[in-house]
Structure formats: structure tokens, C-alpha cells
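Asks: prediction below, plus the sequence it came from.
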Amino acid sequence: MATSMPDQTISKNSALRPGPDDGAYKALKFITKSLASLVPGFGGTASELFDLLIADPASVRRDRFIEDLARRLDQLTETGRIDPRSLINDPSVSALLLHAVQIATRSEGEEKIKSLREAAARGTMAANEMERSPAYVVIGIIDRLTDYHIILLKWKAGPPRSYTYGQVKNGAFDNLHFGLPTVADRHQLKEPHKVFDFEGVVRYVEAQSHRNFMLAEADLIALGLLAPVLKKETYVDERRRTQTRTTPEVASYKVSELARFILSYIESTLEEDVS
């Protein structure tokens with residue numbers, strides 16, 4: 001039987017909604033008022049905008065995530081993957097879900113929120129606290145990422161793709177921008193960036209989108225989620241035999257084992273969602 005968690009959880013009068021007695025609310029309000037006293041022109045109306053610009057959007061993000069996560073847990077209950085009665089008094093489950101909700105409250109992006117939801121749901125399915133520990137690692141790393149990181153990782157983890165000019169010229173544009181759409185008319189974009197130009201076929205993306213992916217790639221390398229693939233060279237040894245050896249030069253980057261674990265962990269927890 002499905003639980004009624006969504007209705008109980010996101011009620012407009014719920015105690016989860018931040019208010020004057022909420023600790024985080026008080027801390028942010030204090031920071032805002034402190035800025036108002038230190039920064040010229042940051043008083044009056046600017047300070048009063050706190051509730052609209054900070055507290056309310058955060059509560060909306062949180063409530064949406066809780067509702068979405070509750071639906072997922074309902075589905076897992078219906079399919080027999082979890083038993084709410086055995087979890088309701090488990091402090092490690094409560095701690096994990098609260099951790100995920102806190103991160104979602106300060107996060108944006110469809111891919112990131114979906115990844116948080118699946119990681120939290122998978123952690124809930126763990127048999128005990130020891131098996132639940134990887135969920136914290138995955139959720140912590142997701143907290144550090146953006147949609148661009150996750151899209152790039154999923155794209156690089158996919159099957160090898162063809163980049164022949166002939167195929168692209170005939171309309172196979174999916175490979176040009178990490179699986180995201182490209183356009184032929186540069187005037188559709190604010191700041192067009194050319195990603196393909198061959199025999200009269202030109203495709204563009206927003207320059208900022210391209211920069212975001214380049215930044216995400218550099219960050220993924222720094223985080224160890226993209227591992228270097230070193231170039232190989234042939235040489236002739238002292239016996240005049242042709243040999244192959246690895247050089248210090250980086251040829252490309254591949255998805256690391258840690259990244260593959262994270263991607264597998266955030267795959268859908270529902271069998272019917274997995275293609």
C-alpha cells in the first residue's frame with residue numbers, strides 16, 4: 001500500500017516551512033540585517049526583500065523535492081522494495097533523508113535534483129547503516145556538482161559515438177554538444193558559438209553553455225571523476241624489436257571508477273524506469 005507522505009509532508013502549514021523560529025531563517029536574517037548596517041544603500045527595502053529572495057524560494061525548492069522524493073518512496077513501497085514500517089523509527093534513514101533535503105534546498109537543476117532523489121531513495125533501500133554509507137558519499141559529491149557536470153559524465157560514460165563529417169552533414173547533430181540541441185540559425189542565440197562547420201552545414205550553441213561544459217570538464221578532472229588516458233608510442237628496443245610504451249602525455253580523459261559508481265548509484269531505483 002502506498003503511504004500518504006506527500007500530503008503530510010508538504011502542507012502549507014507544515015512545521016518544515018521556515019519561519020521566525022527556524023534556525024536557518026534566523027541565521028540568514030541576521031546576515032541580511034548585518035549587511036544592511038555595513039553596506040551603503042543596502043537598507044530599508046533591500047533588507048525587507050529577504051523573505052522573498054532567500055527564504056521563500058528555498059522553501060519552495062525543499063517542498064518540491066520532498067514531494068518528489070515521497071512519491072518515489074511510495075512507488076518503492078508499492079513494488080515491495082522498501083517497508084516503511086521497518087524504516088519509520090530508523091534514525092540512520094531519517095538522517096540520510098534530512099541530509100538530502102538540506103542539499104536540495106540550496107540546489108538547482110533538473111539533473112542534480114533527480115540525482116539527489118535517486119541517491120536518497122537507494123540509500124533508503126539499504127539493509128542497514130553500513131550499507132547506507134555509500135549514499136552519503138554519493139550525495140556529498142552530487143552536492144558539489146551542477147547539471148553540466150552530470151550531463152557531461154553521463155555523456156562520456158555512454159557508448160562510443162561517431163563524429164564523421166558525413167553523418168553530421170546528414171543531420172546527426174546529437175554528438176556535437178554533449179547530446180544537447182544545436183541550432184543552424186545563429187540569430188536564435190544570444191551569444192552563438194560555432195560547434196560545426198562543414199560544406200555549408202553550420203551548427204551553433206550558446207557560448208555560455210559551451211563554457212559551462214568546459215569548466216565542468218576541468219572540475220571533473222580535478223575531482224578525479226575524469227581520469228587521464230595516457231598516450232602510447234612505439235619504439236625499437238636494444239634487440240631491434242618494436243615495442244609499445246605509455247608516455248606521460250595525456251591523450252584524453254575517461255570516466256573514472258568512482259564516477260561510474262556514482263552514475264550507477266543514481267540510476268533509477270525503479271525497474272520500470274530503467275531502459
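Replies: Everything's here; your move.
Asks: low pLDDT regions in the stretch 51-200 of the chain?
Replies: Residues of the stretch 51-200 of the chain that meet the criterion pLDDT under 70 lie in 51-56, 162-164.
Asks: just checking: what are the partner strands of the lengthiest strand in the chain?
Replies: Longest strand of the chain, by residue count under DSSP state E: strand 242-255. Each strand that strand 242-255 pairs with, and the sense of that pairing, follows from DSSP bridges: strand 226-236 (antiparallel).
Asks: can you pull the contacts of residue 225?
Replies: Listed by CB atoms under 8 Å, 6 or more residues apart in numbering, the contact partners of residue 225 are 141, 149, 153, 255-256, 258-259, 262. C-beta: built from backbone N, CA, C; applies to glycine.
Asks: on that earlier part again, give the buried residues for the longest strand of the chain.
Replies: Buried residues in strand 242-255, counting neighbours by 16 or more other CB atoms under 10 Å, are found at residue 255.
Asks: repeat for stretch 146-166
Replies: 146-156.
Asks: that one: end-to-end distance?
Replies: By CA to CA, to the nearest Å, the extent of stretch 146-166 from end to end equals 33 Å.
Asks: pull the distance from it to the chain's centre.
Replies: When C-alpha coordinates are averaged (CA atoms, centre = their mean, to the nearest Å), stretch 146-166 and its chain have centres 15 Å apart.
Asks: which of the helices or strands spans residue 217?
Replies: Assigned by DSSP states H and E, residue 217 falls within helix 207-222.
Asks: follow-up on the earlier one: what lies in contact with the longest strand of the chain?
Replies: Looking at strand 242-255 with CB under 8 Å, 6+ apart, the contacting residues turn out to be 153, 156-157, 217, 221, 225-237, 263.
Asks: then that strand to PDB, C-alphas only?
Replies: What follows is the C-alpha trace of strand 242-255 in PDB, where atoms were taken according to Å, rounded to 0.1, in the frame of the first residue of the first chain:
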ATOM      1  CA  THR A 242      59.200  -2.900 -32.000                       C
ATOM      2  CA  GLN A 243      57.600  -2.300 -28.600                       C
ATOM      3  CA  THR A 244      54.800  -0.100 -27.300                       C
ATOM      4  CA  ARG A 245      55.100   2.000 -24.100                       C
ATOM      5  CA  THR A 246      53.000   4.600 -22.200                       C
ATOM      6  CA  THR A 247      54.100   8.200 -22.300                       C
ATOM      7  CA  PRO A 248      53.400  10.900 -19.700                       C
ATOM      8  CA  GLU A 249      51.400  12.800 -22.300                       C
ATOM      9  CA  VAL A 250      47.600  12.800 -21.800                       C
ATOM     10  CA  ALA A 251      45.700  11.700 -24.900                       C
ATOM     11  CA  SER A 252      42.100  12.200 -23.500                       C
ATOM     12  CA  TYR A 253      40.000  11.600 -20.400                       C
ATOM     13  CA  LYS A 254      37.600   8.900 -19.400                       C
ATOM     14  CA  VAL A 255      35.100   8.400 -16.700                       C
END
